[in-house]
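A.B. asks: Here is a sequence with its predicted model. Questions after.
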Amino acid sequence: DQRSRLTISITAPDGKGVKSEYQRIWKQADGKDGVVDKVILFGDSPADTRGVNFMRWGYSAASGKQADQWVYLPEMHMVRRVSQRDPNNMDWGYSDEDLRIRALDEDDHRLERSERIDGQEYYVVISTPRHDSAYGKRITYFNKADNWEECAPRRVEYYDKNGELLKQEFITWQRINAAWVWDTAVMHNLRTKVTVTYQMRETAVNVGLE
């Protein structure tokens, strides 16, 4: 499990942006009842969204279910279910498919090559979904390291089903005890020119969440 502060920044093509901050708690569910993870975001800022809280349950691909999502509206003291976006509509930053933990056997993986970028060596892996997906393929750049536990995805390219590059993601990591977690993740949507940035701060892992 994890507890952290999460900042989400959305930057439009004209350079204008909005920023939201949350207290985030996340717990792995190990596939019980098809649920792979659960997350709650407690809205802190901006002021007009303080107290607006969001909960999401992610499901395995084998369950055939899209994520369940709810929002708590403090002015109404009410919880409402949030409908899913069309998974094939890629006009936003991170989709449910991007954030969900994927099992290795959901895709066919091929080590395509090794590549040096800015002095760093990477393994370049092509992953093709075995089942229906919003993407035709993903190409992931894993940094080479002497210890395999430090070999992590640093860059991901998402292609649509026509083979056109749709989104690029860049990830930096932080190590907390024995766990690697996101420090910053940036998603560039090449179709809409929108950039979404996730920043994780004050992260603690294995804190004993119920």
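C.D. replies: Structure's in. What do you need?
A.B. asks: and Asp37, how many neighbours?
C.D. replies: Using other Cβ atoms under 10 Å, the number of residues around Asp37 comes to 21. Placement of C-beta: from N, CA and C, glycine included.
A.B. asks: so Ser4 makes contact with Gln199?
C.D. replies: No - assessed by Cβ atoms under 8 Å, Ser4 is found out of contact with Gln199, at 9.6 Å.
A.B. asks: so who does Val36 touch?
C.D. replies: The contact partners of Val36, taken as Cβ atoms under 8 Å, 6 or more residues apart in numbering, are Gln28, Ala29, Asp30, Gly58, Tyr59, Ser60, Arg100, Ile101.
A.B. asks: Give me the subset of those lying in helices.
C.D. replies: If you go by DSSP state H, these have nothing in helices.
A.B. asks: between these, which has the most around it?
C.D. replies: Busiest of the contacts of Val36 [other Cβ under 10 Å] is Gly58, holding 23 neighbours.
A.B. asks: and that residue, what are its bridge partners?
C.D. replies: Beta bridges link Gly58 to Asp37 when assigned by DSSP bridges.
A.B. asks: ok, it - contacts?
C.D. replies: By Cβ under 8 Å, 6+ apart, the residues touching Gly58 are Val35, Val36, Asp37, Lys38, Val39, Ala67, Asp96, Leu99, Arg100, Ile101.
A.B. asks: If we only consider those, which is nearest to Phe170?
C.D. replies: Phe170 lies nearest to Leu99 out of those, by Cβ to Cβ, at 15.8 Å.
A.B. asks: Tell me how far the residue lying closest to the closest one once chain neighbours are set aside lies from Ser95.
C.D. replies: Distances taken as Cβ to Cβ, 6 or more residues apart in numbering put Gly58 closest to Leu99, at 7.2 Å, once the chain neighbours are dropped. In this view, Gly58 and Ser95 are 12 Å apart by Cβ to Cβ, to the nearest Å.
A.B. asks: And Val124, by the same measure?
C.D. replies: 23 Å.
A.B. asks: what about these two, which has more around it?
C.D. replies: Remark: of Val124 and Ser95, Ser95 carries more neighbours, 21 against 17, as counted by other Cβ under 10 Å.
A.B. asks: My guess is the more buried one contacts Tyr158. True?
C.D. replies: No - using Cβ under 8 Å, Ser95 makes no contact with Tyr158, being 9.2 Å away.
A.B. asks: now the contacts of Val36 as a markdown table including distance to Glu21 and pLDDT?
C.D. replies: A markdown table is the format used below for the contacts of Val36 (distance: Cβ to Cβ, whole Å; pLDDT from 0 to 100):
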| residue | distance to Glu21 | pLDDT |
| --- | --- | --- |
| Gln28 | 24 | 89 |
| Ala29 | 25 | 85 |
| Asp30 | 29 | 76 |
| Gly58 | 22 | 87 |
| Tyr59 | 27 | 85 |
| Ser60 | 30 | 79 |
| Arg100 | 23 | 73 |
| Ile101 | 24 | 71 |
